[in-house]
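Participant: Got a predicted structure plus its sequence, pasted below:
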Amino acid sequence: MEQKRRLAFTLRMINNKIKNIIRKSSPGGEKAPGTQLQGGILGYLYHHQEQPVYQRDIEKEFRISRATATNTLQVMERNGFIVRRAQDKDARLKRIQMTEEAMQGHRQVEEHIAMMDTCMLRGLTEPETGELYRLLDMVMKNLERMDAELGETAEPEDGMCSGGGCGVVQD
């Protein structure tokens with residue numbers, strides 16, 4: 001008898017495999033971010049170079065607390081990944097920018113990510129790739145809705161999706 005596949009388990013296995021491959025193949029560099037959050041913040045700064053980014057933007061984008069953002073940004077500043085510059089209008093407001101060294105390192109990371117995407121999508125047609133992203137977006141929306149419904153509680157009341165239907169998003 002064939003066992004039913006579990007989506008969460010499959011996605012977790014994919015995530016673990018991606019992390020393993022990244023660990024084995026990522027561009028060497030003695031000055032790499034120490035955590036996934038730091039790497040994510042560098043990616044966010046890299047893709048938002050043309051606009052000012054402040055701590056509150058990082059908190060919102062990564063859904064982290066003010067304390068977590070403060071601690072992470074302090075470590076990144078100490079390690080030479082970012083600088084925080086006071087704004088003329090309000091010295092309390094500090095714009096966060098990547099250092100040139102971090103920028104160069106992140107360019108290599110971007111190339112590595114593009115290579116990973118190419119390898120993961122090998123054998124899929126353009127329409128299939130579009131459908132994959134559409135379905136993954138739907139899964140993400142469903143998870144975000146479920147997360148919002150659960151609020152601060154650790155588990156749903158009945159052990160299933162709250163409301164019984166998971167608030168399924170359909171396109």
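Facilitator: It's in.
Participant: Can you get me a residue count around residue 38?
Facilitator: Residue 38: 19 surrounding residues under other C-beta atoms under 10 Å. (Each C-beta comes from the backbone N, C-alpha and C, glycine too.)
Participant: Need the residue closest to the centroid of the chain.
Facilitator: Taking C-alpha atoms, centre = their mean as the criterion, residue 40 is the residue nearest the geometric centre of the chain, at 5.5 Å.
Participant: Where does that residue fall, secondary structure wise?
Facilitator: Element membership of residue 40, judged by DSSP states H and E, is helix 36-47.
Participant: Output the contacting helices and strands for that helix.
Facilitator: helix 55-62, helix 66-78, strand 82-86, strand 94-98, helix 100-120 (3 or more C-beta pairs under 8 Å, 6 or more residues apart in numbering; DSSP states H and E).
Participant: follow-up on the earlier one: nearest residue to the residue nearest to the centre of the chain in space, ignoring adjacent ones along the chain?
Facilitator: Excluding its sequence neighbours, the residue lying closest to residue 40 (C-beta to C-beta, 6 or more residues apart in numbering) is residue 62, at 6.3 Å.
Participant: What is the neighbour count of residue 59?
Facilitator: For residue 59, using other C-beta under 10 Å, the count is 16.
Participant: pLDDT below threshold where in the chain?
Facilitator: For the chain, applying pLDDT under 70 flags the ranges 1-2, 27-30, 152-171.
Participant: now the helix of greatest length in it, how far from the centre of its chain.
Facilitator: Ranked by residue count and defined by DSSP state H, the top helix of the chain is helix 126-150. Taking the mean of its C-alpha atoms, helix 126-150 sits 15 Å from the chain's own mean (C-alpha atoms, centre = their mean, to the nearest Å).
Participant: Same question for that helix: list its buried residues.
Facilitator: 142, 145, 146 (16 or more other C-beta atoms under 10 Å).
Participant: and what of stretch 95-115?
Facilitator: Those would be 96, 97, 98, 99, 102, 105, 106, 109, for stretch 95-115 by 16+ other C-beta under 10 Å.
Participant: contact partners of it?
Facilitator: 22, 25-27, 29, 31-32, 39, 42-43, 45-46, 49, 52-55, 58, 73, 80-85, 87 (C-beta atoms under 8 Å, 6 or more residues apart in numbering).
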